[in-house]
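In: turn this into a structure:
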Amino acid sequence: MANIKGAVVVNKERCKGCELCVVACPCQVLALQPTEVNDKGYHYAFMQNPDACIGCASCGLVCPDGCITVYKVKL
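Out: Numbers count the residues shown, from 1 in each chain. Sure, this is the predicted structure:
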């Protein structure tokens with residue numbers, strides 16, 4: 001079976017920091033940015049642990065604002 005490496009891209013200006021993606025991630029890849037905020041004043045999601053991402057796209061499926069794009073690369 002091929003190994004899959006995932007990458008999550010978050011549109012930080014659209015993200016409202018609802019944290020649904022953080023909770024939905026089975027590999028604990030995502031977190032909310034603790035120090036920075038977007039133009040609307042929200043702490044946005046980012047890949048805190050990018051090496052753990054398997055590209056399952058659970059985060060993108062639960063995002064109510066469609067801020068998340070998931071890429072998969074076969075290794």
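
In: where's Val8 relative to Asn49, distance?
Out: Counting by Cβ to Cβ, to the nearest Å, the gap from Val8 to Asn49 is 11 Å. To be clear about C-beta, it is placed using only N, CA and C from the backbone, and glycine gets the same treatment.

In: okay, and the common contacts of those two?
Out: Val29 (Cβ atoms under 8 Å, 6 or more residues apart in numbering).

In: ok, these two, which is more surrounded?
Out: Comparing Val8 with Asn49 by other Cβ atoms under 10 Å, the one with more neighbours is Val8, at 21 against 12.

In: given the host helix or strand of the more buried one, what are its sheet partners and their directions?
Out: If you go by DSSP states H and E, Val8 is part of strand 4-10. Here strand 4-10 is paired, per DSSP bridges, with strand 68-74 (antiparallel).

In: who touches the strand it pairs with?
Out: 2-11, 21, 45, 55-57, 59-60.

In: quick check: Glu36 touching His43?
Out: Yes: using Cβ atoms under 8 Å, Glu36 is in contact with His43, at 7.4 Å.

In: give me the more crowded residue out of the two.
Out: Per other Cβ under 10 Å, whichever of Glu36 and His43 has more neighbours is His43, with 18 against 10.
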